[in-house]
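S.K.: missing the sequence, but the structure's below:
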Ligand code: PDD
């Protein structure tokens with residue numbers, strides 16, 4: 001079966017999806033995106049996805065390409081057309097096609113596209129072993145709370161971790177970890193989960209939101225504050241979260257062990273709680 005993608009109102013084979021070179025996403029990175037996990041053919045954390053897309057669109061004064069109900073229906077059709085059981089949907093909205101000018105064009109329809117990626121989520125050998133991260137300088141702009149498609153600093157960061165044979169880069173600013181290049185960063189110390197509060201400095205991760213809720217419901221203490229590299233090195237556990245990794249234990253940073261250099265108990269507990277929540281949502 002050939003992959004089907006969505007592009008501006010049509011479901012087409014991927015080689016037939018065309019966007020103009022004058023699209024502002026292509027010229028300026030002027031757009032926003034989302035990645036939504038799919039399990040058992042169902043979109044996971046759908047309301048949180050819609051709320052964050054709404055927020056990113058409105059921060060950039062972008063219009064919805066269609067109603068939220070139509071948007072979800074489009075993604076569900078895409079999942080069906082690709083017979084996707086487990087994986088994710090990527091979708092983005094840009095300011096559309098207009099002559100190259102920095103200020104916004106008038107009355108230009110947005111460009112909207114989506115595609116699916118198959119991936120095994122619920123069982124992950126990496127989550128059993130844990131992953132390694134390095135630290136890099138955070139080179140990003142000052143509105144990291146917007147899920148902008150302009151991701152060059154994150155690409156540079158991820159490339160560095162790849163070069164070191166690591167899974168992710170944790171970005172440092174003023175001595176503190178901000179987040180991963182494509183994930184939220186956490187440590188656990190004395191049975192307390194520590195992660196940054198939401199602000200313009202980090203993306204408000206949907207997994208973060210859900211995990212903090214699950215922690216509160218299950219008596220796991222949380223402290224919302226920034227932490228340093230030294231604190232990671234003396235932490236009992238560390239982990240990251242994202243739409244594509246759920247909860248992923250981190251066992252080394254810059255080649256040095258964290259805790260016992262194996263997935264920690266609180267990390268594994270949170271992963272299990274999130275997996276259980278997903279299974280319930282997906283009707284499994
Ligand atoms: N990235 N921080 C950054 C910078 C991210 O890019 C992401 C997600 C997260 C985690 O957010 P969430 O739990 O909502 O996925 C945090 C996605 C997966 C990506 O760009 O592919």
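M.R.: Arrived safely. As the structure is a prediction and not an experimental result, all values here were calculated from the model.
S.K.: so residue 280 sits in a strand?
M.R.: No. Counting by DSSP: H, G, I helix; E, B strand; the rest coil, residue 280 is not found in a strand; it is helix.
S.K.: may I ask which helix or strand encompasses residue 276?
M.R.: Element membership of residue 276, judged by DSSP states H and E, is helix 265-281.
S.K.: that helix - contacts with which helices or strands?
M.R.: The contact analysis (3 or more C-beta pairs under 8 Å, 6 or more residues apart in numbering; DSSP states H and E) places helix 265-281 against strand 31-39, helix 206-217, strand 237-242, strand 246-253. Yep, even glycine has a C-beta here, placed from its N, CA and C like the rest.
S.K.: just say which of those is most tucked in.
M.R.: strand 237-242 (a mean of 27; mean count of other C-beta atoms under 10 Å).
S.K.: what angle do that strand and helix 265-281 make?
M.R.: 30 degrees (axes from the mean of the first three to the mean of the last three C-alpha atoms, to 10 degrees).
S.K.: the helix holding residue 276 near the ligand at all?
M.R.: No. Figure legend: helix 265-281 not in contact with the ligand (C-beta under 6 Å from any ligand atom); closest approach 10.3 Å.
S.K.: picking up where we left off before, residue 22 is nearest to which of the helices and strands packed on helix 265-281?
M.R.: For the helices and strands packed on helix 265-281, the distance to residue 22 is smallest for strand 31-39, at 13.5 Å, taking C-beta to C-beta.
S.K.: is any residue of the closest one near the ligand?
M.R.: Yes. Contact of strand 31-39 with the ligand (C-beta under 6 Å from any ligand atom) involves residue 35.
S.K.: tell me the mean pLDDT for that strand?
M.R.: Across strand 31-39, the average pLDDT comes to 98.
S.K.: give the contact list for residue 172.
M.R.: Listed by C-beta atoms under 8 Å, 6 or more residues apart in numbering, the contact partners of residue 172 are 135-138, 178, 229.
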